[in-house]
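**Q** pasting a predicted model and its sequence here:
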Amino acid sequence: MTLHKLGFIPDGWEKKKISDIAEVNPSTPLIACINGTEKPLSNDDMVSFIPMEAVSEDGQVTMQRTKKYSEAGSGYTSFKNKDILIAKITPCFENYKGTLVDNLTNGIGFGSTEFHVLRAKPGISAEWLHIVTRDHKFRARGELNMQGSAGQKRVPTDFLRGFHLAVPIIKEEQDAIARYYGIWENGIKLVELLIATKLLRRKALMHQLLTGKRRFSGFAGRWSTRRLKELVKQVHRPTEKPTIRYRALGIRSHFKGTFERYIDDPSTVEMDQLYIAKSGDLIVNITFAWEGAIAIVPEEHDGGLVSHRFPMFRAIENETDLNFLRHIVTQPSFLYLLGVISPGGAGRNRVLNKKDFLDLEISVPEFQEQRHIGQILAASEREITLLRSLLKDMKEQKKGLMQQLLTGKRRVNMSAAT
């Protein structure tokens, strides 16, 4: 290994600038491949067109249109198969917008003028170079070198040309690194697809179970319409406002649960009396109930303090299952009811009527069936939570692995990567 300002460069690698290994925003004439024959483009030849919004933050092209060359050939950025597109403008650059284009119509594409284009030189893997442009260090350095006014900052061409990196001399090693990256990307995509599928199935399952359209063996009793006050009771746990720093509880809108924040200076709070929230409470923000600010207090937020604007309720034993109730209150039909009993204009003028809240009517089965439904839906939720945790871990592991592979701190087994 050789010590350099880039760090230790491993044997078989060399320090290079991007301009040494790629053409930056090349201006060479584009030659199309039409029906197997290479030729210059004519006005009626079709080409791919990729706008900025068609490039995702995970490096994919989500939409590819076609246009005649006469329509796209002027005023747009040109590129060809195996070119690398990099968004140059903020915040697209910081959000990792960029892609390796391939399978373009007739091998040629045009797109936003806010794209930089890199074209790998002979002996350089385009797939490997694309990974380099998605690395955190490249994006962080590019962000620091942006030029222009706020909201219109761009990564300059000179930054790309002069960016230094360590390059494996053997192209096969570059290809092997790219294959490792592809393996991890495919694994991550599979987990993302699995989560999306589970969410769709869970949504359908919730609709069926919470409306009685799907029943389980052993439960045949009729569902009944009951007022909320028959299923929950309001609880009051008043306490004096603390004189020292304390935990305050809030509720996010759109059924996104509770959150905590610390009040460092209690003297800034006008109320002298607060209320203690407990795990398992059904809690409502009367100011934003119409926007879905309702939740069940989780264990980690037990003991948080709230104002009188956050009434709390407990499930009545043997009448209401907490898991069943938790899912009922997040349904669109229940949100509609919350809006009905929150009269007034938009924002803080729409305040929920607590009496009307307890008089809301919902359709429920008998307690044992509620509990069974609640268990099924809770198990489905846990499965999705575990998959999301797995996805987060995979992304972190991929990031760490690629940083090692792209610096040569960890070398690939090229035969194992084939």
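**A** Looks like it came in fine. Numbers count the residues shown, from 1 in each chain.
**Q** show me where pLDDT drops low in the stretch 251-400 of the chain?
**A** 346-348 (pLDDT under 70).
**Q** let's see it at 90
**A** 270, 343-350, 399 (pLDDT under 90).
**Q** strands of that one, residue ranges please.
**A** 258-263, 273-276, 282-284, 294-296, 305-306, 312-315, 361-364 (DSSP state E, counting those that start in this stretch).
**Q** ok, and what's touching the fourth one?
**A** Translated: strand 294-296. Applying Cβ atoms under 8 Å, 6 or more residues apart in numbering, the contact partners of strand 294-296 are 251-252, 255, 257-258, 280-285, 322, 325-326, 329-330, 338. The way it works is simple: take the backbone N, C-alpha and C, and place the C-beta from them, glycine included.
**Q** Asp83 versus Pro168, what's the distance?
**A** Applying Cβ to Cβ, to the nearest Å, the value for Pro168 to Asp83 is 21 Å.
**Q** ok, back up a step: now the contacts of strand 294-296: which count as buried?
**A** Neighbour-count burial (16 or more other Cβ atoms under 10 Å) applied to those gives 251, 255, 258, 281-285, 322, 325-326, 329-330, 338.
**Q** which one of these is nearest Leu377?
**A** Distance to Leu377, by Cβ to Cβ, is smallest for Arg326 among these, at 8.4 Å.
**Q** distance check, Pro298 against Gly374.
**A** Applying Cβ to Cβ, the value for Pro298 to Gly374 is 15 Å.
**Q** those two: which is more packed in?
**A** Gly374 (20 against 11; other Cβ atoms under 10 Å).
**Q** name the nearest residue to the more buried one, sequence neighbours excluded.
**A** Distance criterion Cβ to Cβ, 6 or more residues apart in numbering; nearest residue to Gly374, sequence neighbours excluded, is Asn323 at 2.8 Å.
**Q** what does Leu305 give?
**A** Leu274 is the one closest to Leu305 (Cβ to Cβ, 6+ apart), at 4.4 Å.
**Q** spatially nearest residue to Leu322, not counting backbone neighbours?
**A** Using Cβ to Cβ, 6+ apart, the closest residue to Leu322 is Ala315 (5.1 Å).
**Q** for Gly111, same thing?
**A** Ile50 is the one closest to Gly111 (Cβ to Cβ, 6+ apart), at 4.0 Å.
**Q** ok, now His372?
**A** Using Cβ to Cβ, 6+ apart and skipping residues adjacent in sequence, the residue nearest His372 is Phe216, 5.9 Å away.
**Q** ok so that neighbour is a helix residue?
**A** No - counting by DSSP: H, G, I helix; E, B strand; the rest coil, Phe216 is not part of a helix but coil.
**Q** adding distance to Ser224, write the strands of the stretch 251-400 of the chain out as CSV.
**A** Below are the strands of the stretch 251-400 of the chain laid out as CSV (distance: least, Cβ to Cβ, whole Å):
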stretch, distance to Ser224
strand 258-263, 30
strand 273-276, 32
strand 282-284, 20
strand 294-296, 23
strand 305-306, 32
strand 312-315, 17
strand 361-364, 6
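**Q** so for Glu143, which of the ones you listed sits nearest?
**A** Per Cβ to Cβ, nearest to Glu143 of these: strand 258-263, 29.3 Å.
**Q** I'd say Lys153 and Thr90 touch.
**A** Yes - counting by Cβ atoms under 8 Å, Lys153 does reach Thr90; the two are 4.4 Å apart.
**Q** give the residues shared as contacts by those two.
**A** Met146.
**Q** now do the same contact list for Leu210.
**A** Counting by Cβ under 8 Å, 6+ apart, Leu210 has contacts Phe324, His327, Ile328, Gln331, Ile373.
**Q** could you dump those to a markdown table with neighbour count and distance to Lys392?
**A** Shown next, in a markdown table, are those (neighbours: other Cβ atoms under 10 Å; distance: Cβ to Cβ, whole Å):
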| residue | neighbour count | distance to Lys392 |
| --- | --- | --- |
| Phe324 | 25 | 29 |
| His327 | 21 | 24 |
| Ile328 | 22 | 29 |
| Gln331 | 16 | 28 |
| Ile373 | 27 | 29 |
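**Q** wait, which of the residues you listed is closest to Glu185?
**A** Closest approach to Glu185 among the contacts of Leu210 (Cβ to Cβ): His327, at 34.3 Å.
**Q** what sits against the closest residue to the closest one other than its chain neighbours?
**A** Excluding its sequence neighbours, the residue lying closest to His327 (Cβ to Cβ, 6+ apart) is Leu377, at 5.3 Å. Contacts for Leu377 (Cβ under 8 Å, 6+ apart) come out as Arg202, Leu205, Met206, Leu209, Asn323, Phe324, His327.
**Q** may I ask which of the residues you listed has the most neighbours?
**A** Phe324 (25 neighbours).
**Q** I figured Val235 hits Ile316, correct?
**A** No - if you go by Cβ under 8 Å, Val235 and Ile316 don't touch, sitting 11.3 Å apart.
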